[in-house]
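Chemist: Quick one, fold the following:
(one chain, ligands or ions: 1)
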Amino acid sequence: MTSIVSVQGLTKVFPGGLQALKGIDLEIEEGEVLSLLGPNGAGKTTLISIICGLTTASGGRVTVGGHDIARDFRAARELIGLVPQELHVESYEKVINTVRFTRGLFGKKPDDALIERILRDLTLWDKRDEKILALSGGMKRRVMIAKALAHEPRVLFLDEPTAGVDVELRQSMWQVMRKLKERGVTIILTTHYIEEAEAMADRVGVINHGELLLVEKTGQLMTRMGRKTLTVELAAPVSDLPETLARRGVTLGEDGSSLVYTYDTAAKQTGITDLLADIREAGLHLADLRTTQSSLEDIFVGLVTGSTQ
Ligand SMILES: Nc1ncnc2c1ncn2[C@@H]1O[C@H](COP(=O)(O)OP(=O)(O)OP(=O)(O)O)[C@@H](O)[C@H]1O
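Modeler: Predicted coordinates for the structure are as follows:
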């Protein structure tokens, strides 16, 4: 895979001295969906704003499609579509006209077939002649995406596309993103919803206090950092935990009727076989076994709180 966006040593200090980005290095591959996760104020919007040319960097370098965003801004910007957090659309304009107009702003020739395809992909075609003010919030957001796609960018930045929308709308937004990915658009998505990253992203980047803590394939991250919990339901409750089990890090569940053991999913040996032998030797009888996997949310919270300590 080749990088479509390359970020090297990017820093940003706002007037007043706040250092919002502290040397970000990031390679974004063509065709991937990358999700940037981070708590409020982590620096996600600042990073996106610099790549899209809305904010100037204090140091470092960004290229898009090989074009330096500082020296070759127009060529870089042409490859980028941006859907910002705030909705701002021309309320009295018709859907189709606002999308056509945006294409014109980039100096692109009119292309009604393309506009139709974009509006159909976003299930806005039936609404093409409606005034934007008559649309629901979710529809307005789709209009923003249609506008961002009108000049055929190769990279689309979506800054919290599903913030504050209901579950149904979120799922339909995911459908839209999947379709765009199929069309080969590279998507960078910031979100507070971990499940959104889990569902959509090929890779996840975790940012906190202006630093990129990691960028990793979503599945790999979950295997590497994920932990599983084995709960052993006992046939009869016990009042004390046998010493051999306590040494293994086992804890006694509520009311003594279960044993709880947490292990690393990436470890070669989980210790479960030995644990089961020790349980038998301690004279305990199993009623049931169940395992639960930690979620990306657990991993994220662990990373972010770890980095603030
Ligand atoms: N124009 C500005 N002037 C001064 N400080 C700013 C400015 N814009 C952002 N900041 C600060 O920079 C830091 C990073 O903000 P940023 O908006 O990039 O975070 P974020 O990760 O996008 O957060 P959120 O999820 O809340 O949107 C914050 O501490 C913020 O207050």
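Chemist: residues in contact with whichever helix or strand Glu198 is part of?
Modeler: Using DSSP states H and E, the element containing Glu198 is helix 194-200. Helix 194-200 is contacted from outside by 33, 35, 37, 162, 170, 174, 177-178, 187, 189, 191, 204, 218, 295-297, 300, using Cβ atoms under 8 Å, 6 or more residues apart in numbering. For every residue, glycine as well, the C-beta is placed using N, CA and C.
Chemist: Check stretch 155-164 too.
Modeler: So stretch 155-164 is contacted by 4-5, 28, 44-45, 48, 51-52, 64, 79-85, 141, 145, 148-149, 169-170, 173, 177, 180, 185-193, 196 (Cβ under 8 Å, 6+ apart).
Chemist: Now, of the contacts of helix 194-200, which are buried?
Modeler: 33, 35, 37, 162, 170, 174, 177, 187, 189, 191, 204, 218, 296, 300 (16 or more other Cβ atoms under 10 Å).
Chemist: And Leu189, how far from the ligand?
Modeler: In this view, Leu189 and the ligand are 12 Å apart by Cβ to the nearest ligand atom, to the nearest Å.
Chemist: tell me the mean pLDDT for the helix or strand harbouring that residue?
Modeler: Assessed by DSSP H and E, Leu189 sits inside strand 186-191. Per-residue pLDDT over strand 186-191 has a mean of 92.
Chemist: Adjacent strands (with direction) for it?
Modeler: Sheet neighbours of strand 186-191, with direction, are listed as strand 33-37 (parallel), strand 155-159 (parallel) (DSSP bridges).
Chemist: next one: it to chain centre, how far?
Modeler: Relative to the centre of its chain, strand 186-191 is centred 6 Å away, using Cα atoms, centre = their mean, to the nearest Å.
Chemist: C-alpha coordinates for it, PDB please?
Modeler: The C-alpha trace of strand 186-191 is given here as PDB (Å, rounded to 0.1, in the frame of the first residue of the first chain):
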ATOM      1  CA  THR A 186      -9.700   6.900   1.700                       C
ATOM      2  CA  ILE A 187     -11.600   7.900   4.800                       C
ATOM      3  CA  ILE A 188     -10.300   9.500   8.000                       C
ATOM      4  CA  LEU A 189     -12.900   9.500  10.700                       C
ATOM      5  CA  THR A 190     -12.700  11.100  14.100                       C
ATOM      6  CA  THR A 191     -15.200   9.700  16.600                       C
END
